[in-house]
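Chemist: give me coordinates for this.
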Amino acid sequence: QVQLVESGGGLVQPGGSLRLSCAASGFTFSLYAMNWYRRTPAKERELVATISSAGGITNYQNSVKGRFTISRDNAENVVYLQMNSLKPEDTAVYYCNVKLPIDGLRWGQGTQVTVSS
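Modeler: Numbers count the residues shown, from 1 in each chain. Next comes the predicted model:
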């Protein structure tokens, strides 16, 4: 079955960095675009970054442009989110996501990122 497992979250000081990972299984990873979303208590899930199936096209939410980098390893079935210059407003639960033709939208369990001094 389709599984997405995020890891790499934690507590970091403002200005710090974290790298999130999302390990995928149960589908042909290299065929599908992948996304990172985040959710806070005050907001619905918001799209943070997307990457095309081959990795050549990426898009970012304006608030993270220049600070976050999405990448993928199609040999290892992993998508990453490198987060630099973190701000308190980046505090959220981060989820990876894929839209599949039969299974539809699939989500991981999320990983908590807390940016605080």
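Chemist: report the central residue of the protein.
Modeler: The chain has residue 36 as the residue nearest its centroid, 2.9 Å off, counting by CA atoms, centre = their mean.
Chemist: is it true that that residue touches residue 45?
Modeler: No. With contact defined as CB atoms under 8 Å, residue 36 does not count as touching residue 45 (10.3 Å). In short, each C-beta sits where N, CA and C put it, glycine included.
Chemist: and for those two, which residues touch both?
Modeler: Common neighbours of residue 36 and residue 45 (criterion: CB atoms under 8 Å, 6 or more residues apart in numbering): residue 95.
Chemist: did I read that right, residue 30 in a strand?
Modeler: No. According to DSSP: H, G, I helix; E, B strand; the rest coil, the state of residue 30 is helix, so it is not within a strand.
Chemist: now do the contacts for it.
Modeler: With CB under 8 Å, 6+ apart as the criterion, the residues that contact residue 30 are 53-54, 74.
Chemist: equivalent analysis for residue 57, please.
Modeler: Listed by CB under 8 Å, 6+ apart, the contact set of residue 57 reads residue 51.
Chemist: kindly report the same for residue 51.
Modeler: Under the criterion of CB under 8 Å, 6+ apart, the contact partners of residue 51 comprise 33-35, 57-58, 70-72, 79.
Chemist: now rank these by neighbours and give me the top one.
Modeler: residue 79 (29 neighbours; other CB atoms under 10 Å).
Chemist: what's opposite that residue in the beta bridge?
Modeler: Taking DSSP bridges as the rule, residue 79 bridges to residue 22, residue 72.
Chemist: can you check residue 95 too?
Modeler: Residue 95 has these beta-bridge partners by DSSP bridges: residue 37.
Chemist: so it touches residue 39, yeah?
Modeler: Yes. The pair formed by residue 95 and residue 39 meets the contact definition of CB under 8 Å, at 7.1 Å.
Chemist: quick one: contacts for the residue located most distally from the centre of the chain?
Modeler: Each residue of the chain has a distance to the centre, and by CA atoms, centre = their mean the biggest one is for residue 117: 23.2 Å. In this structure, residue 117 makes contact with 13-14, judged by CB under 8 Å, 6+ apart.
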